[in-house]
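In: Dropping the sequence and predicted coords here.
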Protein chains: 2
Amino acid sequence: MRSIIESVPNFSEGRREEVIEAIVGAVRATPGVRVLDVKPDRDHNRTVLTLAGDEASLPAATMALFEAAIERIDLRQHRGEHPRMGAVDVVPFIPVRGVTMKDCVALAKQVGSQIASRFSVPVYLYEEAAATETRRNLSDIRKGEFEGFPEKIANPDWTPDFGPTAVHPSAGVVAVGARAFLIAYNVNLATSDLSIADRIAKAIRHSSGGFRYAKAMGVALQKRGIVQVSINMTDYRKTPLHRVFETVRSEAERYGVNVVGSEIIGLVPQDALLAAAEHSLRIEGFSPKLVFENRLAEED
Amino acid sequence: MRSIIESVPNFSEGRREEVIEAIVGAVRATPGVRVLDVKPDRDHNRTVLTLAGDEASLPAATMALFEAAIERIDLRQHRGEHPRMGAVDVVPFIPVRGVTMKDCVALAKQVGSQIASRFSVPVYLYEEAAATETRRNLSDIRKGEFEGFPEKIANPDWTPDFGPTAVHPSAGVVAVGARAFLIAYNVNLATSDLSIADRIAKAIRHSSGGFRYAKAMGVALQKRGIVQVSINMTDYRKTPLHRVFETVRSEAERYGVNVVGSEIIGLVPQDALLAAAEHSLRIEGFSPKLVFENRLAEED
């Protein structure tokens, strides 16, 4: 089975179309990498790329991204709501298939070291790749933003993991990391009472006693006249979709409310849905290798 | 998305290893075709191949199979329990992905015509490719076997769809067809009472009033001390796994019996499990394109 790694780099340009096109074009030209999605945001003045590749192709794609971005983005001129610290702001690597988190951590370190030596941009390793707990959270690294970094970087607590202890004049600093696949998953409830969605969100999210890898909030869907438990599943292998779904369903029942349906926003790894099928059909000795298409990919 | 067609040809040799290897080797050498499984059976003196390919590669693989089999198998010398009629006995084409049943019917006709003109072997089209209802069932075509075919083929009801109205002296005749993917699916029950599995099998199988595309029987699993409803799902798109599972579960409940688990024997198309996940999670607007790996395959 070929290995598949997702990467979701953000770069700090969401307005000038020719700049976005040039940067995306440079990434797209890298052999072995696919650009699955490009999401520019004018307000944030930032673009989010979704890439798929492997350990061989993603380092080259990241270098191409940096080269094109540094040439065209000067953070001294940049304005936007996005709390940015770099021309390329963040580069996460995410295991999808045939590759472990450990592999992605190693990849983040390798790419981080390459960025630092080639572009003299200070690199912070975050999430699973973080060297210390204090650098695990992206928001802690980001604090101060581009403008505050010359002072922050001089603090010994914030010496970069790779590269100079000096902010790149136009390109700032970058966070490179490894994390689990993020699934945006919503469950819709047959009620217009937002407080029910809020209470269920509170029941399932980690911060208030729920599942370790679930973040959740209640949302009103005005047009449909119903409410939704809007969920970020931050590690579906440890907190599976079907367990969260069943808990939402049973909590809703307690209020006499039915589940209308659920939604997957964006993409979902095959494994996450196979696990739901395995669970509901109670399949014994299940393996993804039972799937015809996977057997084919394996023979590649 | 690249199209995927499965083919499961049977040829009439299950004992002489060097013959089996030579025939399988000829198929394996065809570019674009993968041999996913080889199952020789000594008692039946037959081998079942599982191939994956597409409309471009499978005709060549079938020709290679015929060439190698005709050279090495003489049915006048063949003995075995397998009710065989040809050196290559049956060649079904099965849509898996990005291809319709209609495409597979067209492929069966094209390949059938090629076999007849190149090898002078009479060809009968069966199942979805059958020209008349009387030729839909493979067992009706097979009746009489190799030894009875010289008489059967002279009957105007049994004029071949392609090729001469004369049995090939050593290679007999062949059935070429198109059919849906067959899933072998078993549901295990927490009881040793075989009559319960028998009654549930009767409830779900088509022949006695159950689901249109399910065949089923009760089986005792001696070692585990439990019983099983053993099911052949002959068209999982029209009779889905999860509906059959839920019916078995509710019928078992009526006898106070729990479902221990279920088993997939062999391979299952991804779609069949995604449908189960979609059902149990009640996913709105589901599409296989939501799956990361499928999005990648699409970009190929």
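Out: Everything's here; your move.

In: and the residue of the stretch 101-250 of chain A found nearest chain B, what does it touch?
Out: When scored by C-beta to the nearest C-beta, the stretch 101-250 of chain A has A:Phe245 as its residue closest to chain B, at 5.3 Å. (C-beta placed from N, C-alpha, C; glycine too.) Each residue near A:Phe245 by C-beta atoms under 8 Å, 6 or more residues apart in numbering or on different chains is listed here: A:Val187, A:Val259, A:Ser262, A:Ala276, B:Ser280, B:Leu281, B:Arg282.

In: Quick one, which of those are buried?
Out: Using 16 or more other C-beta atoms under 10 Å in any protein chain shown as the burial test, those include A:Val187, A:Val259, A:Ser262, A:Ala276, B:Ser280, B:Leu281, B:Arg282 as buried.

In: Pull the contacting residues for the second one.
Out: A:Val259 makes contact with A:Val187, A:Asn188, A:Leu189, A:Ala190, A:Phe245, A:Val248, A:Arg249, A:Ala252, B:Arg282 under the criterion C-beta under 8 Å, 6+ apart.

In: same thing with the third one?
Out: For A:Ser262, the set of contacting residues under the criterion of C-beta under 8 Å, 6+ apart consists of A:Tyr185, A:Asn186, A:Val187, A:Asn188, A:Phe245, B:Leu281, B:Arg282, B:Ile283, B:Glu284.

In: Look up how far B:Val88 lies from the residue lying closest to A:Glu251 once chain neighbours are set aside.
Out: Spatial nearest neighbour of A:Glu251, excluding adjacent residues (C-beta to C-beta, 6 or more residues apart in numbering or on different chains): A:Ile200 at 4.6 Å. From A:Ile200 across to B:Val88, the span is 60 Å (C-beta to C-beta, to the nearest Å).

In: Just put the contacts of A:Ser262 in TSV and tack on secondary structure.
Out: As requested, the contacts of A:Ser262 are exported to TSV (DSSP: H, G, I helix; E, B strand; the rest coil):
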residue	secondary structure
A:Tyr185	strand
A:Asn186	strand
A:Val187	strand
A:Asn188	strand
A:Phe245	helix
B:Leu281	helix
B:Arg282	coil
B:Ile283	strand
B:Glu284	coil
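
In: quick one: low-confidence parts of chain A?
Out: A:1, A:299-300 (pLDDT under 70).

In: show me where the stretch 201-300 of chain A has strands.
Out: A:214-221, A:226-233, A:259-265 (DSSP state E, counting those that start in this stretch).

In: got the domain boundaries for chain A?
Out: A:4-178, A:183-293 (automatic domain parsing).

In: Do me a favour and get the end-to-end distance for the first one?
Out: Length of domain A:4-178, first residue to last, C-alpha to C-alpha, to the nearest Å: 14 Å.

In: Same question for the shortest one.
Out: With C-alpha to C-alpha as the measure, domain A:183-293 spans 23 Å from end to end.

In: among the buried ones among the contacts of A:Phe245, which two are most distant?
Out: A:Val259 and A:Ala276 (14.3 Å; C-beta to C-beta).

In: what sits up against stretch A:40-53?
Out: For stretch A:40-53, the external contacting residues (C-beta under 8 Å, 6+ apart) are A:4-15, A:20, A:23-24, A:27, A:30, A:32-39, A:58, A:61, A:65, A:78-82, A:84, A:89, A:96, A:267, B:292, B:296.

In: Keeping just the C-alphas, turn it into CSV.
Out: Provided in CSV are the C-alpha atoms of stretch A:40-53 (Å, rounded to 0.1, in the frame of the first residue of the first chain):
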residue,chain,number,x,y,z
PRO,A,40,-8.1,31.7,0.0
ASP,A,41,-9.7,34.0,2.6
ARG,A,42,-9.8,37.7,1.9
ASP,A,43,-10.6,38.8,5.4
HIS,A,44,-7.9,36.8,7.0
ASN,A,45,-5.6,37.6,4.0
ARG,A,46,-4.5,33.9,4.1
THR,A,47,-4.7,30.8,1.9
VAL,A,48,-5.1,27.3,3.2
LEU,A,49,-3.7,24.5,0.9
THR,A,50,-4.6,20.8,1.2
LEU,A,51,-1.9,18.6,-0.2
ALA,A,52,-1.4,14.9,-0.5
GLY,A,53,1.9,13.2,-1.0
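
In: Please identify the buried residues of stretch A:198-209?
Out: A:Asp198, A:Arg199, A:Ile200, A:Ala201, A:Lys202, A:Ala203, A:Ile204, A:Arg205.

In: So what would you say the end-to-end distance of that stretch is?
Out: Note: stretch A:198-209 ends 14 Å apart using C-alpha to C-alpha.

In: Show me what it is in contact with.
Out: Contacts to stretch A:198-209, defined as C-beta under 8 Å, 6+ apart, come from residues A:189, A:210-218, A:229-231, A:244, A:247-248, A:251-252, A:255.

In: What are the boundaries of the helices in chain A?
Out: A:17-28, A:57-72, A:101-119, A:138-142, A:145-152, A:194-204, A:241-254, A:270-281, A:292-299 (DSSP state H).

In: beta partners of the one residue in the stretch 51-200 of chain A that gets nearest to chain B?
Out: Nearest residue of the stretch 51-200 of chain A to chain B (C-beta to the nearest C-beta) works out as A:Ala52 at 5.4 Å. Beta-bridge partners for A:Ala52, by DSSP bridges, are A:Glu6, A:Arg34.

In: Quick check: it vs A:Trp158, distance?
Out: A:Ala52 is 32 Å from A:Trp158, by C-beta to C-beta.

In: Same question for A:Gly98.
Out: A:Gly98 sits 36 Å away from A:Trp158, taking C-beta to C-beta as the criterion.

In: the more surrounded of the two?
Out: Legend: neighbour count by other C-beta atoms under 10 Å in any protein chain shown for A:Gly98 and A:Trp158, higher for A:Trp158 (20 against 14).

In: my guess is that one contacts A:Glu151, does it?
Out: No. A:Trp158 is beyond contact range of A:Glu151, at 9.4 Å (criterion: C-beta atoms under 8 Å).

In: a markdown table for the domains of chain A, including distance to B:Arg237?
Out: Listed next are the domains of chain A as a markdown table, based on distance: least, C-beta to C-beta, whole Å:
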| stretch | distance to B:Arg237 |
| --- | --- |
| domain A:4-178 | 26 |
| domain A:183-293 | 14 |
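
In: Wait, A:Val248 touches A:Val187, no?
Out: Yes. Counting by C-beta under 8 Å, A:Val248 touches A:Val187, with 4.6 Å between them.

In: what residues are shared contacts of these two?
Out: In contact with both A:Val248 and A:Val187: A:Val229, A:Val259, using C-beta under 8 Å, 6+ apart.

In: Could I have the buried ones of the contacts of stretch A:198-209 as PyMOL selection syntax?
Out: A single PyMOL command selects the buried members of those (16+ other C-beta under 10 Å):
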select buried, chain A and resi 189+210+211+213+214+215+216+218+229+230+231+244+247+248+251+252
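
In: and A:Ala175, how many neighbours?
Out: 26.

In: Report the beta-bridge partners for it.
Out: A:Val90, A:Tyr124.

In: can you put the contacts of A:Ser262 in JSON lines and add distance to B:Ile70?
Out: As requested, those are exported to JSON lines (distance: C-beta to C-beta, whole Å):
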{"residue": "A:Tyr185", "distance to B:Ile70": "56"}
{"residue": "A:Asn186", "distance to B:Ile70": "59"}
{"residue": "A:Val187", "distance to B:Ile70": "59"}
{"residue": "A:Asn188", "distance to B:Ile70": "60"}
{"residue": "A:Phe245", "distance to B:Ile70": "55"}
{"residue": "B:Leu281", "distance to B:Ile70": "51"}
{"residue": "B:Arg282", "distance to B:Ile70": "53"}
{"residue": "B:Ile283", "distance to B:Ile70": "50"}
{"residue": "B:Glu284", "distance to B:Ile70": "54"}
